[in-house]
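what shape does this take:
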Amino acid sequence: MGRSLAVLALFLAFNFAFAQDPPPANPPPQDAQANNGAFTLKVNSDLVLTNVVVRDKKTGEVVKGLKQEDFTILENGKPQKISTFDYESVDQATPLNEATVSGMAVAAKTAADLSVVAKTEQLRNHRLIVFFFDLTSMQPEDIDRSVEAAKNYVNKQMQAADLVAVVSLNTNLSLDQDFTANKPALLHALSAYNGSEGQGFAPGAVSTTNTVEDSTAYTPDESEYNDINTDRELFAISAISKSLAYIGEKKSLLYFSGGISRDGIENQASLRNAINAAVRSNLSIYSVDVRGLQAISPLGDATTGSLRGTGAFNGSALQNNLDANFNSQEVMSTLSTDTGGKAFFDSNDFAPAFQRVQQDTSAYYSIGFRSADPRRDGRYRKLQVKLNRTDVKLEYRQGYYAPADFKHSTNEDRERQLEEELASQLPSTDVAVYLQALYFRVDDTHFFVPVSIVVPGSQIPFTKGGDRDKATLDIIGEVKDAAGHDIGDARQTVKLAIDQSQQVSRKNIQYSTGFTLPIGKYHLKFVVRENETGHMGSFETDINVPDLRKVPLKLSSVVLASQRIPNTDKKAVSPLVRDGVELVPNLPHVFRQDQHLYLLYEVYDPSKAGTANSDAKPTKAAPGTPVHVLTSIEFLNGNTKVYETPLVEAKDINTPSRNAVAFQFDVPLAQLKAGLYTAQINVIDDAGGSFTFPRTALLIRDSQPAAVPAPPASPTGSK
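Numbering: from 1, shown residues only. You can find the predicted model right below:
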């Protein structure tokens, strides 16, 4: 296939699920500044720290008394000059009995918290432990169990050298207690988590899980919500890591979670970002599955309705439940393994996790050097530590990522940076990027795949330019087939000029493009960079272009949108453009009551009328041949149908170029209450005797206070 693509448009869409405040503008850097006629040269020099635990090969005991000249450290095989050397051991710690604020908190809560403010040097020889409670993933009994284990540690296991901080993730990431050795303060912070006052957010259902009552033969696919929730949890870990980066001592994060799942590679970028942030901050993650030892049944638990079919008897239902449990632990295991920690699963006793943290941070050598490689290229640099004796084994991190400088890069450097990020296995997540790929058939073996990319406007810094605020985005992407061959690419620089950038911070920037692909499996990756600070974000996913020749009823993707814009381009090849109007897909499926829900989908090769009751095999309908296709949209709240659009009948082909019947719906949402719904698309090919009922989840929010109510209208369906 050629690398043909069509760049469709750039849009402003309304507020995203996790809008953030816009980052503050950075002051322009100065390489030199005048001072009474003299110039002061500023030089960036980053100290690279790595902690080394030296153990005797036979006994496993920590080897003490080593000196700086005993160690050799290499970066990418080149020896480095050791700048700092220190041995830290909790046996040498000076007790700090009062509340100790390290700087993680924005401000102390009470005057009593200011009794002792520890300086960085006072943290030497101490264990720095963070208790992180992911309340969004924990059920009430999980919260009570984890809090009780943490209190037992504080009362019975906590030593004088231990400094503990308490962080929680609920609706927001909250620092509930900064580093302290004060046991009453820690117990007070832990007591605030009460399982009887709230519960975790249950993961959304997908087609292979048995997590909701099976009152129908179909399960709504809520993968999009699961992906965003997982990103949120991983971003929280990254934020904690970055807040601790200035502390040179080794830190430990006890991560209490009820499981965290990712959907294929959808959350790969945020996972790698969290791991990299922890490695850079010298933070080891110890994951604890607070669900403990679980009995997994093919029929599910008491919250699950009875199954249909033979899944409960042939082992498929049990396998699905086992896979779901394993997937929820796999991410936690990866976080621990790649940061030098350990994961604790399938145990109702959480005490070993606390013991392991104390054991791993009892004694270590801290070695620092300033890299002889001045390039700020963001590349991975491998570390190797050697000792002038052979009877020991060394434990240390294997490498780090060099810092990257955007302000001083040339156009060639910036272009190379985009190419390297596109090829990198460690994606950037400084800018949140969300992507959706759909498919519409062009002919029997080729499909047009529209790709929509959303960037929250709050993450784009604007600069003043005349009477308008301006910003530019660089977007680059590629599509690879199953063999890794590049078969399609995209490259675009988007210039934004907005009258009031404050309004953009509450909306999204949406970019659309498209590829024409044959049937098969592909890997899609896009990189977005805003050109004020050089921050980048990437999103990659696997897409499957289906072979509709093997299914009875051939249905395209179902497009959900809340915006329509004029498009008079007569050469437009996108199925999203019809009658001079283009649909803007709504990626998160989040709508407001004062909006309209627009739906679009196509049925290909509908059967000829009159063949349903004959012995003849249904054949493709030529243009003008009578067909009979019926469709409607149902809205379900739980298992209750709250609304259904009027039935629409199609008796002819209205898209001859694709031998398809295209359906469009316009549903005013003012008549539906705010809440989570399941939209079921009913499609019946009456002539061919085939049918399908795909489902998708959507969230309807209250109207904006200043919004003008939508004019009353009845839902319409057209073909």
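
mind listing what the residue nearest the centre of the chain touches?
Nearest to the geometric centre of the chain sits Asp231, at 2.6 Å (C-alpha atoms, centre = their mean). Asp231 is in contact with Asn267, Ser270, Ala432, counting by C-beta atoms under 8 Å, 6 or more residues apart in numbering. All C-beta atoms are positioned from the backbone trio N, CA, C, and that covers glycine.

show me what Ser168 is bridged to.
Beta-bridge pairing of Ser168 under DSSP bridges involves Phe133, Ser174.

who touches it in this structure?
Phe132, Phe133, Asp134, Leu135, Ser174, Asp176, Tyr193.

mind doing that once more with 7 Å?
Counting by C-beta atoms under 7 Å, 6 or more residues apart in numbering, Ser168 touches Phe133, Leu135, Ser174, Asp176, Tyr193.

same deal with Gln359?
Neighbours of Gln359 in contact, by C-beta under 7 Å, 6+ apart: none.

next SSE after whichever helix or strand it is part of?
Following DSSP states H and E, one finds Gln359 within helix 351-360. Downstream of helix 351-360, the next assigned helix or strand under DSSP H and E is strand 363-370.

name the helices or strands packed onto that next one?
strand 47-56, strand 71-75, strand 82-89 (3 or more C-beta pairs under 7 Å, 6 or more residues apart in numbering; DSSP states H and E).

mind checking which of those is nearest Leu647?
Distance to Leu647, taken as C-beta to C-beta, is lowest for strand 47-56 among the helices and strands packed on strand 363-370, at 67.3 Å.

how far out from the middle of the chain is that closest one?
Offset of strand 47-56 from its chain centre (C-alpha atoms, centre = their mean, to the nearest Å): 32 Å.

same check on stretch 633-643?
The chain centre lies 29 Å from the centre of stretch 633-643; the measure is C-alpha atoms, centre = their mean.

tell me which residues in that stretch are buried?
Neighbour counts over stretch 633-643 (16 or more other C-beta atoms under 10 Å) mark Ile633, Glu634, Phe635, Leu636 as buried.

which residue ranges of the stretch 101-250 of the chain form strands?
Under the criterion DSSP state E, counting those that start in this stretch, the stretch 101-250 of the chain contains strands at 127-134, 162-169, 173-180.

quick one: closest of these to Val527.
strand 173-180 (26.3 Å).

CA atoms of the closest one as PDB?
Extracted in PDB, the C-alpha atoms of strand 173-180 (Å, rounded to 0.1, in the frame of the first residue of the first chain):
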ATOM      1  CA  LEU A 173      -4.200  12.900  44.700                       C
ATOM      2  CA  SER A 174      -3.800  13.900  48.300                       C
ATOM      3  CA  LEU A 175      -0.800  14.200  50.600                       C
ATOM      4  CA  ASP A 176      -2.400  13.300  54.000                       C
ATOM      5  CA  GLN A 177       0.800  13.300  56.000                       C
ATOM      6  CA  ASP A 178       4.300  14.300  55.000                       C
ATOM      7  CA  PHE A 179       7.400  12.400  56.100                       C
ATOM      8  CA  THR A 180       7.300  12.000  59.900                       C
END
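
and that strand with strand 127-134, angle?
Calculated by axes from the mean of the first three to the mean of the last three C-alpha atoms, to 10 degrees, strand 173-180 forms an angle of 160 degrees with strand 127-134.
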